[in-house]
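>>> What shape does this take:
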Amino acid sequence: MGNQPLIVLSEDSQRTSGEDAQSMNVQAGKAVAESVRTTLGPKGMDKMLVDSSGNVIVTNDGVTLLSEMEIDHPAADMIVEVAETQEEEVGDGTTSAVVIAGELLSQAEDLLDQDIHATTLAQGYREAAEEATAALEEIAIDVDEGDTEILEQIAATAMTGKGAENAKDLLSRLAVEAVRAVSDDEGVDTDNIKVEKVVGGSVENSELVEGVIVDKERVSDNMPYFAEDANVAIVNGDLEIKETEIDAEVNVTDPDQLEQFLEQEEAQLREMAEQVADVGADVVFVDGGIDDMAQHYLAQEGIIAVRRVKSSDQSQLARATGATPVSSVDDLSEDDLGAAGSVAQKEIAGDQRIFVEDVEDAKAVTLILRGGTEHVIDEIDRAVEDSLGVVRTTLEDGKVLAGGGAPEIDVSLSLRDYADSVGGREQFDAILYLPKGFEVRPR
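Model prediction:
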């Protein structure tokens with residue numbers, strides 16, 4: 001009794017081992033692959049998901065489907081991670097990656113039944129993956145930023161079979177333009193492409209703005225709607241009277257003291273507004289609040305002020321205009337200002353937004369997506385995000401493959417030849433990459 005292992009598990013725990021555990025893991029992975037298989041390809045069907053809160057999602061995007069499913073199995077979770085990694089690294093192909101993983105598990109199950117050890121299978125798969133990568137490198141076509149037609153075809157392929165397919169010509173062109181706009185010597189950061197979803201209108205009304213759109217309004221109606229050749233300031237703080245860090249009371253015994261106290265506060269707020277004006281700012285974006293009195297003085301100076309601006313929007317504004325964010329107006333100088341050809345408050349589908357446009361060599365852009373309903377525009381957004389990802393990956397890798405299954409057939413032929421040269425049971429794993437029913441003919 002003393003030599004027996006002590007296992008502490010909860011009452012609901014289940015413990016399996018050996019072939020049973022192996023079989024359960026394979027079945028779980030295959031089940032996940034089967035759940036998204038019917039969404040694959042140009043004739044793939046959408047799926048409707050309803051979560052516990054009653055929210056409805058209609059999509060055929062693999063990673064979205066798997067993320068929304070309540071999967072509670074370690075092996076199945078690993079298949080979901082395959083989709084998430086594919087989405088993060090490439091931007092598209094999540095369903096394909098999961099289906100291939102499920103098929104490899106299915107084929108491995110047959111070999112396990114033939115008493116081939118799991119480590120042998122894993123080694124064979126690794127060797128086959130290396131050979132497949134080498135085969136794809138041989139047939140890859142070089143592509144660069146100037147190959148507009150190929151890049152647009154790549155973007156359009158990512159939209160095929162999705163809700164955005166009817167407008168894929170327009171959207172693929174916008175996606176390529178957006179990626180080119182934010183491309184620099186360090187690569188492409190698609191975080192600098194802000195996607196603004198606007199319910200109302202048709203997909204054809206979508207457009208690319210070389211600049212940033214902030215989903216806010218100017219803080220006072222007395223401020224200008226428009227500023228041309230604007231100097232832009234960004235403040236990471238408040239334009240308000242700072243409260244003391246300790247609890248304190250001010251006892252006022254006479255009306256003159258109260259008036260003096262209020263005048264002092266007003267003078268501080270007036271000074272803040274004058275500091276913004278003195279450095280030459282025409283527009284100021286603040287991530288905190290702006291006091292009503294400060295709004296009044298800024299309006300008197302003809303300055304457009306926007307408050308509660310998200311940090312992500314501030315980062316994009318800084319990249320687009322060249323402005324340097326400061327922690328308070330006391331630190332603001334002329335060198336910290338950015339520049340924009342125009343800053344204006346405009347209406348889109350009944351909502352007011354601040355447009356920062358006509359930015360010279362903008363390194364942050366905004367893609368406005370339009371759609372008739374929220375569900376439609378959400379699916380368009382997912383398709384465009386995939387397109388942005390694949391165009392980014394193409395420019396970073398500088399390679400592209402033909403479609404229509406041609407690369408898969410070439411890889412199958414290469415692996416069949418390679419399998420003949422491999423000794424041991426690993427050659428079975430290389431042969432598994434050959435599609436079922438495929439007839440091999442000499443090259």
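
>>> Now do the strands in the stretch 51-200 of the chain.
56-59, 141-142, 183-184, 187-188, 193-199 (DSSP state E, counting those that start in this stretch).

>>> tell me the most buried of those?
Most buried of those by mean neighbour count (mean count of other Cβ atoms under 10 Å) is strand 193-199; its value is a mean of 18. Quick note: C-beta positions are derived from backbone N, CA and C, even for glycine.

>>> buried set for the helix or strand just after that one?
Later in the chain than strand 193-199, the nearest helix or strand by DSSP states H and E is strand 207-209. Within strand 207-209, the residues scored as buried using 16 or more other Cβ atoms under 10 Å are 208-209.

>>> And the contacts of the helix or strand that strand 207-209 is followed by?
Once the chain leaves strand 207-209, the next helix or strand it forms, by DSSP H and E, is strand 212-214. For strand 212-214, contacts defined as Cβ atoms under 8 Å, 6 or more residues apart in numbering pick out 194, 196, 285, 306, 309, 313, 316-317, 320, 353-356, 364-366, 368.

>>> Quickly run through the sheet partners of strand 212-214, with directions.
In the sheet, strand 212-214 lines up against strand 351-357 (antiparallel) (DSSP bridges).

>>> So what's the gap between the partner strand and the chain middle?
Strand 351-357 sits 22 Å away from the centroid of its parent chain (Cα atoms, centre = their mean, to the nearest Å).

>>> Let me know the average pLDDT across it.
Mean pLDDT, strand 351-357: 90.

>>> Buried residues in that strand, which are they?
So, applying 16+ other Cβ under 10 Å, buried residues of strand 351-357: 353-357.

>>> Check those residues against G403 and report the nearest one.
E357 (36.6 Å; Cβ to Cβ).

>>> what's the spacing between the closest one and V99?
43 Å (Cβ to Cβ, to the nearest Å).

>>> so what's L239 up against?
Under the contact definition (Cβ under 8 Å, 6+ apart), the residues listed for L239 are 269, 272-273, 284, 286, 288-291, 294, 298, 305, 307, 329.

>>> cutoff 7 Å now
272, 286, 290-291, 294, 329 (Cβ atoms under 7 Å, 6 or more residues apart in numbering).

>>> what separates N25 from L112, distance-wise?
In terms of Cβ to Cβ, N25 sits 11 Å off from L112.

>>> likewise E347?
63 Å.

>>> Can you list the low-confidence ranges for the stretch 251-400 of the chain?
Low-confidence segments of the stretch 251-400 of the chain (pLDDT under 70): 251-262.

>>> can you give me the strands in it?
283-286, 304-306, 338-348, 351-357, 365-371, 399-400.

>>> Of all the ones you listed, which one comes closest to T59?
Closest among the strands of the stretch 251-400 of the chain, using Cβ to Cβ: strand 365-371, at 13.6 Å.

>>> what lines up beside the closest one in the sheet?
strand 193-199 (parallel), strand 207-209 (antiparallel).

>>> So what touches the shortest one?
For strand 207-209, the external contacting residues (Cβ under 7 Å, 6+ apart) are 174, 177-178, 355, 357, 365-368.

>>> same question, the longest one
Residues outside strand 193-199 that contact it (Cβ under 7 Å, 6+ apart): 178, 182, 212-213, 316, 348-349, 365-371, 373-374, 377, 381, 384, 388.

>>> Export only the CA atoms of that strand, formatted as PDB.
The C-alpha coordinates for strand 193-199 follow below in PDB (Å, rounded to 0.1, in the frame of the first residue of the first chain):
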ATOM      1  CA  ILE A 193      -4.700  50.000 -40.500                       C
ATOM      2  CA  LYS A 194      -7.800  50.900 -38.500                       C
ATOM      3  CA  VAL A 195     -11.000  49.300 -39.700                       C
ATOM      4  CA  GLU A 196     -14.100  51.400 -39.000                       C
ATOM      5  CA  LYS A 197     -17.400  49.500 -39.400                       C
ATOM      6  CA  VAL A 198     -20.300  51.700 -40.400                       C
ATOM      7  CA  VAL A 199     -23.800  50.100 -40.500                       C
END
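
>>> what about it, average pLDDT?
On average, strand 193-199 scores 89.

>>> ditto for the last one
Looking at strand 207-209 alone, the average pLDDT works out to 89.

>>> How many residues are close by T95?
Neighbour count for T95, taken as other Cβ atoms under 10 Å: 25.

>>> got it, and the one 5 residues further on?
Under the neighbour criterion other Cβ under 10 Å, I100 is assigned a count of 15.

>>> could I get the strands of the stretch 51-200 of the chain as a markdown table with distance to G29?
Converted to a markdown table, those look like this (distance: least, Cβ to Cβ, whole Å):
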| stretch | distance to G29 |
| --- | --- |
| strand 56-59 | 22 |
| strand 141-142 | 33 |
| strand 183-184 | 37 |
| strand 187-188 | 33 |
| strand 193-199 | 33 |
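
>>> Can you check which of the ones you listed gets nearest to K399?
So among the strands of the stretch 51-200 of the chain, strand 141-142 is nearest, using Cβ to Cβ, at 6.6 Å.

>>> Show the buried residues in the contacts of strand 193-199.
Buried among the contacts of strand 193-199 (16+ other Cβ under 10 Å): 178, 182, 212-213, 316, 348, 365-371, 377, 381, 384, 388.

>>> Quick one: closest of the strands paired with strand 365-371 to G405.
strand 193-199 (31.0 Å).

>>> can you give me how far the closest one is from the chain middle?
With Cα atoms, centre = their mean, you get 12 Å for strand 193-199.

>>> now the angle from it to strand 338-348?
20 degrees (axes from the mean of the first three to the mean of the last three Cα atoms, to 10 degrees).

>>> Please enumerate the helices of the chain.
Under the criterion DSSP state H, helices of the chain are mapped to 18-37, 62-68, 74-89, 94-113, 118-139, 148-159, 168-182, 255-278, 292-300, 311-321, 374-397, 406-421, 426-431.

>>> Can you point out the buried residues in the third one?
By that I understand helix 74-89. Buried residues in helix 74-89 (16+ other Cβ under 10 Å): 75-76, 79-80, 82-83, 86-87.

>>> With distance to A108 as extra columns, can I get those residues in TSV?
Shown next, in TSV, are the buried residues of helix 74-89 (distance: Cβ to Cβ, whole Å):
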residue	distance to A108
A75	12
A76	16
I79	13
V80	19
V82	15
A83	19
Q86	20
E87	24
